[in-house]
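S.K.: coordinates only, sequence not included:
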């Protein structure tokens, strides 16, 4: 057979093979993972150095990987194969680091462990909150007054701009009002939903809340650590009441360090927020976009805008908050390894 004939037969064979091979849809196709290391692991993110230090001290068989200047540490923690990374403070850093973590390691679940400011005035320093959902109330449409915005013709309709007003603030006078001696003045800040897409919803959707994984939340409910009243750094600085674990509610995040008690009260009254930080909802958004189950634990360091909260020195002087959130995280990992040992096989 001539060389031309051999080439023709090979081309026909390749065409038949391609026709016989089942096609994989975009929804079925899984994104490539583990650019750096491929062992199945629990991904753990902390925002602040002290938070990660306690977890790293408990981790065995550690190995460090430097990616874009960030240190990712793999190892074993309370029976789980883990990879731990420090995101740094801010929504931008949390977004970038969480995606790097997912891209470079084979992460089956995600956990964020850290400290936060309290929103609910009934909660106290040292308490550990485990919200069932996370939102970004500072994703806003900034209007000129307190009237519901109507840039697309109908009050509350923002779709012509590619935006959607959050339903929690779609009524008149729901924008944040600044209290002044002569009466409240509207800021015109109306909360928005955030647009997100993933393989299951390639056309995208608008979300206000990102719900944590129900299996992870169920395990968290079983964790009963003995939380400290005094921090390890300075045992003489203690809170007056016994810290407790508080499950459920809405945690919120934003690109601000909240030191405004009036805005804190607005968040509590308007959307019943329990805590505020600068990373978790960004982390939750990335987890949702990548279809990876997640949960987050936050121990309260103060009441946001804490000039009306007397125990504020307990956190900054003693390290109480990071100690309690680390206790809860380690307890959760113990419970997870016992209930789901297959995730570490």
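M.R.: In hand now; what should we look at? The structure presented is a predicted model; accordingly, all values stated were derived computationally and were not measured.
S.K.: Now do the contacts for the nearest residue to residue 299 once chain neighbours are set aside.
M.R.: Spatial nearest neighbour of residue 299, excluding adjacent residues (CB to CB, 6 or more residues apart in numbering): residue 325 at 3.5 Å. The C-beta positions use only the backbone N, C-alpha and C, and glycine is treated the same way. Listed by CB atoms under 8 Å, 6 or more residues apart in numbering, the contact partners of residue 325 are 51, 113-115, 128, 297-299.
S.K.: what's the distance between stretch 181-200 and the middle of its chain?
M.R.: Here stretch 181-200 is found 19 Å from its chain centre; the criterion is CA atoms, centre = their mean, to the nearest Å.
S.K.: what about it, start to end distance?
M.R.: Start to finish, the residues bounding stretch 181-200 are 51 Å apart (CA to CA, to the nearest Å).
S.K.: picking up where we left off before, include distance to residue 270 when you put the contacts of residue 325 into TSV, please.
M.R.: Putting these into TSV (distance: CB to CB, whole Å) gives the following:
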residue	distance to residue 270
51	29
113	27
114	24
115	24
128	24
297	24
298	20
299	24
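S.K.: Need the max-distance pair from these.
M.R.: 51 and 128 (12.4 Å; CB to CB).
S.K.: Of those two, which one has the most company?
M.R.: More crowded of residue 51 and residue 128, by other CB atoms under 10 Å: residue 128, with 29 against 26.
S.K.: Tell me what the more buried one is bridged to.
M.R.: residue 245, residue 299 (DSSP bridges).
S.K.: Mind pulling the model confidence for it?
M.R.: With respect to pLDDT, residue 128 scores 95.
S.K.: quick thing: my sequence starts at 5, can you match it?
M.R.: With 5 as the first residue, the last one maps to residue 132.
S.K.: show me what contacts it?
M.R.: 231, 247-250, 301-304, 328-329, 332.
S.K.: go on, residue 52?
M.R.: Shown in contact with residue 52 (CB under 8 Å, 6+ apart): 90, 93, 118-119, 326.
S.K.: Buried subset of the residues you listed as a ChimeraX selection?
M.R.: Command for ChimeraX, covering only those of the contacts of residue 52 found buried under the criterion 16 or more other CB atoms under 10 Å:
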select :90,93,118,119,326
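S.K.: tally of neighbours for residue 96?
M.R.: Residue 96: 14 neighbours (other CB under 10 Å).
S.K.: And it, which helix or strand is it part of?
M.R.: helix 95-108 (DSSP states H and E).
S.K.: Check which helices and strands the helix or strand following that helix sits against.
M.R.: Going down the chain from helix 95-108, the next helix or strand is strand 109-122, by DSSP H and E. Judged by 3 or more CB pairs under 8 Å, 6 or more residues apart in numbering; DSSP states H and E, strand 109-122 is in contact with strand 41-50, helix 53-62, helix 95-108, strand 277-281, helix 284-293, strand 298-307, helix 324-343.
S.K.: nearest to residue 166, of those?
M.R.: Nearest to residue 166, of all these, is helix 284-293, at 16.8 Å by CB to CB.
S.K.: For that closest one, give the mean pLDDT please.
M.R.: 97.
S.K.: just stretch 140-147 next, same as before
M.R.: Averaging pLDDT along stretch 140-147 yields 93.
S.K.: Good, wrapping up.
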